[in-house]
Structures are given as C-alpha cells and as structure tokens.
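Peer 1: what's the 3D shape of this:
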Amino acid sequence: MKILFLLQRTPQGKFSPHNLENEIYNAFGDTYPTNTWEAVGQAIREALSWLIAQGLIVPAKDCLGSNTWMCLSRRASSFSSEADFDAFQQARRLDRDNLHEKIAVPVWQAFVRGEYDVAVFQAMKAVEVAVREASGITDALGVKLMRQAFHPKDGPLTDLTVEDGEREARMNLFVGAMGSYKNPQSHRDVNLSEPQEAIEIIMLANHLLRIVDRHR
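Peer 2: Model prediction:
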C-alpha cells in the first residue's frame, strides 16, 4: 500500500522498478542503516511483485519486452485513501468466479462497496426466491416457505431417497439460515461490519443455492 501511493506521485506517470529501488534509497537512505538496505530492497521487490500480480501495476505504453518501465493500472490510480486500498483487499477475499450465477453480480458488487449487510441480505433473498420458484409454493415466505418446501414427509424439494433424519436436517438447515440471516434484516437494521463474517454467510447462501439446483 505504501509503495502504491508513493507511485501515484510519479510525475511522468511511469517508473522503472530497477530505478525505483535506488530512488527510494536516495530519498530515504538516512531512515535505514546501511546494513539493512539489502533487506529493504527485498521488501520493495516483493511489494512490486505483489502489485503486479494483482494487476495494479502494468507495463507502460510501448514498454513491453526488454524495457521495464511500468505504470499504475486504472484501478490503482483510482485509490484515493488507504481505506480504498483496504476495500480492494477485502474484495479479493470473495471469489466472484465461485459464486452461484444468481448472486455473482449483485452480491459481489455490494460486498466490494463495503455494504456487507446488503450483500448478505441479497444472498439470502436469492435463496428464498430460488426455493419458491423450484417448489412452486407461492403463499409462503421465509422460514414458513423453507418448512413447506423441505418438509420431510411431503415437501416438494425433500429428498425421499434418504432417511427421515437427513430430510429433517436439510429442512432445518434452510430454516436456520433463513431465520438467522434473512429475516432479521427484513425487519430491522443489522449492522454487519466484519467482512469475514459476511463472506461466510454469503458462501452458506451459495451452498444452499447449489442444493436447490440439485433438487430442482
């Protein structure tokens, strides 16, 4: 993050990774004892490698091949604060490619914006809609819908090839998820500020959507 914001101040808009290390030594050499410069240089190169791997540093125009001049990507140039960078790091923790098609776009976009409660609500709402469509039940919502759709005896989405205990457990899985993570947000403001917790709930919704697909 420190290297990225330093590079944003590059007057020409491009830089040479090789020269950058020397420039940092010239500017901040007094900060680091001489015997630490090798370790500092290694840390700088590791930071640059990470930024390149994330697509935040790209080859500058007409500098592909043996030339090493680089520039910041549009995404990297858009960061205006360390909070923006933190949001980028958090977004990387939720792999969009692994999300069910029903939530891949809206839920991921809400998560990237830092609207974790919105992302969780949309994910669980997608489960509710999927269950209603797959079961054909139109006169129930939320927990009541889950109990009817996965009722161990006659639920349209229950799996009659497994024993009663498993059917009841499957019903309770959907009921618990809906009652814990969708219904509360329908009735009051839920302040969900921890991204890791949001990811775990979203992935639970993702799993439930896969189950509905199989039962469908």
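Peer 1: where does the prediction get shaky in the protein?
Peer 2: Low-confidence segments of the chain (pLDDT under 70): 29, 62-67, 184-191.
Peer 1: quick check, residue 60 in contact with residue 14.
Peer 2: Yes: judged on CB atoms under 8 Å, residue 60 makes contact with residue 14 at a distance of 4.0 Å. Where C-beta positions appear, they are placed from N, C-alpha and C, glycine not excepted.
Peer 1: can you list residues touching both of the two?
Peer 2: Applying CB atoms under 8 Å, 6 or more residues apart in numbering, one finds that residue 60 and residue 14 are jointly contacted by 69, 70, 71.
Peer 1: which residues of this protein fall in helices?
Peer 2: For the chain, helices defined by DSSP state H occupy the ranges 2-7, 17-28, 37-53, 74-78, 82-92, 106-112, 116-135, 142-149, 164-177, 183-187, 195-215.
Peer 1: and the fourth one, which residues are buried?
Peer 2: Within helix 74-78, the residues that qualify as buried by neighbour count (16 or more other CB atoms under 10 Å) are residue 76.
Peer 1: neighbour count: residue 60 and residue 14, which is higher?
Peer 2: Neighbour count, other CB atoms under 10 Å: between residue 60 and residue 14, residue 60 has more, with 18 against 15.
Peer 1: find the residue at the geometric middle of this structure.
Peer 2: Centrality entry for the chain: nearest residue to the mean C-alpha point is residue 94, 2.4 Å, by CA atoms, centre = their mean.
Peer 1: now that one: how far from residue 197?
Peer 2: 12 Å (CB to CB, to the nearest Å).
Peer 1: so which of the helices of the chain comes closest to residue 98?
Peer 2: Comparing these by their distance to residue 98 (CB to CB), the top pick is helix 195-215, with 7.4 Å.
Peer 1: perfect, I'm done here.
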